[in-house]
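**Q** only geometry, no sequence info:
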Ligand code: PMP
């Protein structure tokens, strides 16, 4: 009792997120299922890991100097993590976000002190109005700024290789047989997959993609097919371009999920397990059920499903009955 116990700042609380049994909602499936609940990070999502890793790196290599500016395009979570670290370390943070992201997320970025530019989601990635091109332009216009560029920054994979992947290996005592992970930039699935397959090449790395995204088709054909694309509601899952932050060779398979089944699954997880999870946690769970239907798992399977973020980010979307009815989901 003679020593005070405290953290210097919330960044010291990053990582080592818990594995929580999903036994209650997976009784009908073969094998054992666990959620890795990334909402326990201080910024309430898996994106804390890449934000800290990439900022530390930029500081170490001298690219980011005191008083500098951090610029990024984001569906909200990476932006929140970057804004949090900027607040702690005294950087300016400028974010381009697509107008598809929930109002909750946009408000949260501003609450954390970021300068936010809202961009249309309905334009192609190479349109000057897109959030990619807007972030690029803001970076070029701002002296002493760095551009995180998470979709094309392969260090995004390393952040998860050194933390999330290792944690899953250690928390399951090396017993994990499958991981089910959503793919956006692909950093999470690629980093986890790379670490686990180095430890045990038999571990299966199962991806989750959105209906309307180009990722699954690219994984199967190595060709970008614009015919696959249409707009959809799930935020942070899938993509209308092919990110180089995805290591497609490490991923065994993808399944696609849609907006409605993802939303309903997230609501079910929350009310039945008490884990207040985000929209793509629902996507990952539905994908797991689809893999189970395909016969992917057996009695000996130990399956880790990554839950990327916290439900509070979706109060005006999937946790709002009016929104759900308007979409035709209820
Ligand atoms: N879910 C949510 C809510 C996200 O914000 C993201 C990040 N875009 C993902 C899943 C996918 O993670 P990653 O970018 O590492 O593939």
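**A** Alright, I've got the coordinates. Bear in mind that the values here come from a model prediction, so they are computed numbers and not experimental data.
**Q** Count the residues that sit near the residue of the stretch 151-300 of the chain found nearest the ligand.
**A** Proximity of the stretch 151-300 of the chain to the ligand (C-beta to the nearest ligand atom) peaks at residue 236, 2.4 Å away. For the C-beta atoms, the positions are set from N, CA and C on the backbone; glycine is no exception. Residues near residue 236, counting by other C-beta atoms under 10 Å, number 27.
**Q** quick one: contacts for it?
**A** Contact analysis of residue 236 by C-beta atoms under 8 Å, 6 or more residues apart in numbering lists 75, 76, 77, 182, 184, 279, 280, 308, 309.
**Q** of those residues, list those near the ligand.
**A** Taking C-beta under 6 Å from any ligand atom as the test, the ligand is in contact with 75, 77, 182, 184, 280, 308, 309 out of those.
**Q** Mind checking which of these land in strands?
**A** residue 182 (DSSP state E).
**Q** Are stretch 52-72 and the ligand in contact anywhere?
**A** No - Stretch 52-72 lies out of reach of the ligand by C-beta under 6 Å from any ligand atom, never closer than 11.3 Å.
**Q** What's the end-to-end length of that stretch?
**A** Start and end residues of stretch 52-72 are separated by 14 Å (C-alpha to C-alpha, to the nearest Å).
**Q** swap in stretch 296-306?
**A** 17 Å.
**Q** Alongside the ligand, which residues does the stretch 101-250 of the chain contribute?
**A** Residues of the stretch 101-250 of the chain lying near the ligand (C-beta under 6 Å from any ligand atom): 182, 183, 184, 185, 186, 187, 188, 189, 235, 236, 237.
**Q** now, the most widely separated pair of these?
**A** Within these, 189 and 235 form the most distant pair, 16.8 Å apart (C-beta to C-beta).
**Q** who has more neighbours, those two?
**A** Applying other C-beta under 10 Å to residue 189 and residue 235 shows that residue 189 carries more neighbours, namely 30 against 24.
**Q** Just say helix, strand or coil for residue 209.
**A** strand (DSSP: H, G, I helix; E, B strand; the rest coil).
**Q** Enumerate every residue touching it.
**A** Residues in contact with residue 209 (C-beta under 8 Å, 6+ apart) are 183, 215, 216, 237, 238, 254, 255, 256, 257.
**Q** if we go to 10 Å?
**A** 182-184, 215-219, 228, 237-239, 254-257, 283, 287 (C-beta atoms under 10 Å, 6 or more residues apart in numbering).
**Q** What's the PyMOL syntax to select whichever of these are buried?
**A** The following PyMOL line selects those of the contacts of residue 209 that are buried, judged by 16 or more other C-beta atoms under 10 Å:
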select buried, resi 182+183+184+215+216+217+218+219+228+237+238+239+254+255+256+257+283+287
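**Q** Which ones among the contacts of residue 209 map onto strands?
**A** Counting by DSSP E, the part of these found in strands is 182, 254, 255, 256, 257.
**Q** Name the next helix or strand downstream of the lowest-mean-pLDDT helix or strand in the chain, please.
**A** Using mean pLDDT, DSSP states H and E, helix 103-111 stands out as the lowest-scoring helix or strand of the chain, at a mean of 92. Proceeding C-terminally, helix 103-111 gives way to strand 115-119 as the next helix or strand, assigned by DSSP states H and E.
**Q** Report the distance from that following strand to the chain centre.
**A** 20 Å (C-alpha atoms, centre = their mean, to the nearest Å).
**Q** which parts of the very next helix or strand once past that strand are buried?
**A** Under the assignment DSSP H and E, the closest C-terminal helix or strand after strand 115-119 is helix 131-141. Across helix 131-141, burial judged by 16+ other C-beta under 10 Å covers 131, 132, 133, 134, 135, 136, 138, 139.
**Q** count of neighbours near residue 130?
**A** That count, for residue 130 with other C-beta under 10 Å as the rule, works out to 22.
**Q** Residue 177: neighbouring residues, count only.
**A** 20.
**Q** For it, which residues are in contact?
**A** Taking C-beta under 10 Å, 6+ apart, one finds 31-32, 196, 200, 202-204, 296-298, 300-304 in contact with residue 177.
**Q** quick one, phi psi at it?
**A** Per-residue torsions, residue 177: phi -110, psi -30 (degrees, to the nearest 10).
**Q** all helices for the chain, in order.
**A** Using DSSP state H, the helices of the chain run over 47-60, 77-89, 103-111, 131-141, 155-160, 166-171, 187-199, 215-221, 259-273, 279-293, 321-326.
**Q** hang on, the earlier thing: kindly supply the PyMOL command isolating those of the contacts of residue 177 that are buried.
**A** Restricted to buried positions by 16+ other C-beta under 10 Å, the PyMOL selection for the contacts of residue 177 reads:
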select buried, resi 31+32+196+203+204+296+297+301+302+303+304
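**Q** Let's see which of the contacts of residue 177 end up in strands.
**A** 32, 204, 302, 303, 304.
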